[in-house]
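Engineer: Next come a sequence and a model predicted from it.
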Amino acid sequence: MENKIVISNLLHRPIRTAVSILAVAIEVGMVMLVVGMTSGLVNETAKRVEGVGADLWVQAPNASYFFAVSSAPMPIKTGDLLRDIPHVLAVAPVLFQFNSVGGINTVYGIDMGSFDRVTGGFVYHGPGGPLKNPYDILVDDIYAQANHVRLGQKVNLFDHDFTVAGIVEHGKGARLFIPLETAQDLSGAHNMASIFWIKCTDPGYTDDVIGSIRKLLPKDSIISIREYMQLMTTNNLPGLTVFITALVSIAVGIGFLVIFLSMYTTITERTREIGILKSLGASKLYIIGEILRESTFLCLVGILAGYGGTLVARRVLHSAFPTLTVDLTVIWAVYAAVLALAGSVFGAFYPALRAASLDPVDALAYE
């Protein structure tokens, strides 16, 4: 009976009910999508770095492990020193170039032979092949799909036309690869590299190799892929944590305010009804329970709508931006539901107390 009263009250003002449900759905969707996009970006970047197949890398001092913002090249001759270290199988110099035309991408300038020795070589989709000419380019399959790129097509980067020499399987660090010498010429960093990927004769020698490099190049940044994978989580990236917290707080605030206004308006409109209930013997707890039950029902429907909307939004985003990764997890779906439910209960609590405190005589006389 009590649930029928709650549903009747909600259906009595369908537009207000729909707006309240939409607010909760937006709250849930914002939480899940914001976390999903940030964690997806971090996880996808980490997987691509791991996919290079190296055991460790060497960068200039204080270089960022967010490679796109690294701007501290090292002499290419450093690679010769690294190759002479015991237990080093291969060293691949790479020069990073940042491209914002047609999407934000990090372009790897690579030496084809050494990069293949470290990575094990590219897997080609179709008849394409390695980089041979100065203005050849390799693109991964995801980039090709997102930008409708075909073998032999021209791709404009850095105000130059590159010919697509091959479409490769994704996961080798970057999505775009050009010859190292071309990257050096375009950036004015002749005989320089941004990073040296290092493959050991056996992964068990990684720590030994790191120790040897630290003696040889004490100021340079050296990190193993194992350590990098542990670092690349949203919990270990303070900037992303603050960003997620800020947007989640905004989303919860939206849900709280809409539920608060909805319940407050409901009580104002139902003052006479509340007076009748109290004159018939309804207790304060009963009145509070009715209001909270109503807000909880709104919230639960909003949560389900938010889940559905999030799945639709992820599909739309993936269709529009195939390179964008959105990781939706069960744990954050639960967090989003708990936050929405808590916001709804707190948003309805003051209006519920106000309704329970109404004097029956004044309520019955309310026009």
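Structural biologist: Perfect, I can see it now. Numbers count the residues shown, from 1 in each chain.

Engineer: domains in the chain, as residue ranges please.
Structural biologist: 2-43+237-365, 61-219 (automatic domain parsing).

Engineer: Let me have those in TSV, adding mean pLDDT, mean neighbour count and distance to Ile225 as columns.
Structural biologist: Glycine gets a C-beta too; all of them are placed from N, C-alpha and C. Below are the domains of the chain laid out as TSV (pLDDT from 0 to 100; neighbours: other Cβ atoms under 10 Å; distance: least, Cβ to Cβ, whole Å):
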stretch	mean pLDDT	mean neighbour count	distance to Ile225
domain 2-43+237-365	77	18	15
domain 61-219	88	18	8
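
Engineer: if we compare those, which one ends up closest to Val52?
Structural biologist: Val52 lies closest, by Cβ to Cβ, to one member of these: domain 61-219, at 4.7 Å.

Engineer: measure the closest one end to end?
Structural biologist: Here the two ends of domain 61-219 are set 6 Å apart, with distance taken as Cα to Cα, to the nearest Å.

Engineer: Can you name the residues that contact the closest residue in space to Asp220 that isn't next to it in sequence?
Structural biologist: Nearest in space to Asp220, with sequence neighbours left out and distances taken as Cβ to Cβ, 6 or more residues apart in numbering, is Val58 at 5.5 Å. Under the criterion of Cβ atoms under 8 Å, 6 or more residues apart in numbering, the neighbours of Val58 are Met74, Thr78, Leu82, Ile195, Phe196, Ile198, Ile213, Leu217, Asp220, Ser221, Ile222.

Engineer: For the third one, which residues are in contact?
Structural biologist: Applying Cβ under 8 Å, 6+ apart, we find Leu82 in contact with Val58, Val88, Val91, Phe196, Ile198, Ile213, Leu216.

Engineer: Just the ones of these in helices?
Structural biologist: The helices, defined by DSSP state H, take in Ile213, Leu216 from the contacts of Leu82.

Engineer: Kindly indicate which of the contacts of Leu82 lies nearest Ile259.
Structural biologist: Val58 (54.1 Å).

Engineer: Quickly note the distance from that closest one to Ala337.
Structural biologist: Note on Val58: its distance to Ala337, by Cβ to Cβ, to the nearest Å, is 45 Å.

Engineer: residue boundaries of the strands in the stretch 101-250 of the chain?
Structural biologist: Applying DSSP state E, counting those that start in this stretch to the stretch 101-250 of the chain gives strands spanning 105-110, 136-140, 154-157, 160-168, 176-179, 192-193, 195-200, 221-224.

Engineer: Could you export those strands as CSV, including distance to Leu257?
Structural biologist: Formatted as CSV, these follow (distance: least, Cβ to Cβ, whole Å):
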stretch, distance to Leu257
strand 105-110, 39
strand 136-140, 44
strand 154-157, 47
strand 160-168, 49
strand 176-179, 45
strand 192-193, 53
strand 195-200, 48
strand 221-224, 45
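
Engineer: which one of these lies closest to Val316?
Structural biologist: strand 105-110 (21.7 Å).

Engineer: what sits up against the closest one?
Structural biologist: Strand 105-110 has contacts (Cβ under 8 Å, 6+ apart) with 67-68, 92, 94-99, 115, 131, 143, 157, 173-184.

Engineer: and with 7 Å instead?
Structural biologist: The contact list for strand 105-110 (Cβ atoms under 7 Å, 6 or more residues apart in numbering) reads 67-68, 92, 94-99, 157, 173-180, 182-184.

Engineer: ok now that strand, how far from the chain's centre?
Structural biologist: Its chain's C-alpha centre and that of strand 105-110 lie 21 Å apart, by Cα atoms, centre = their mean, to the nearest Å.

Engineer: ok, now stretch 333-352?
Structural biologist: Here the centre of stretch 333-352 is set off from its chain's centre by 25 Å, with Cα atoms, centre = their mean.

Engineer: With stretch 182-192 instead?
Structural biologist: On the basis of Cα atoms, centre = their mean, stretch 182-192 sits 32 Å off its chain's mean C-alpha point.

Engineer: same check, this time on stretch 319-332
Structural biologist: 7 Å.

Engineer: Put the alpha carbons of it into PDB.
Structural biologist: The C-alpha trace of stretch 319-332 is given here as PDB (Å, rounded to 0.1, in the frame of the first residue of the first chain):
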ATOM      1  CA  SER A 319      31.900   5.000 -33.000                       C
ATOM      2  CA  ALA A 320      32.900   8.700 -33.300                       C
ATOM      3  CA  PHE A 321      36.400   8.200 -31.800                       C
ATOM      4  CA  PRO A 322      37.700   4.700 -32.300                       C
ATOM      5  CA  THR A 323      41.000   5.500 -30.700                       C
ATOM      6  CA  LEU A 324      39.300   6.500 -27.400                       C
ATOM      7  CA  THR A 325      39.200   3.800 -24.800                       C
ATOM      8  CA  VAL A 326      36.500   3.900 -22.100                       C
ATOM      9  CA  ASP A 327      37.000   1.200 -19.400                       C
ATOM     10  CA  LEU A 328      33.700   0.700 -17.500                       C
ATOM     11  CA  THR A 329      34.200  -1.400 -14.300                       C
ATOM     12  CA  VAL A 330      31.700  -3.000 -11.900                       C
ATOM     13  CA  ILE A 331      33.400  -1.400  -8.900                       C
ATOM     14  CA  TRP A 332      32.800   2.100 -10.300                       C
END
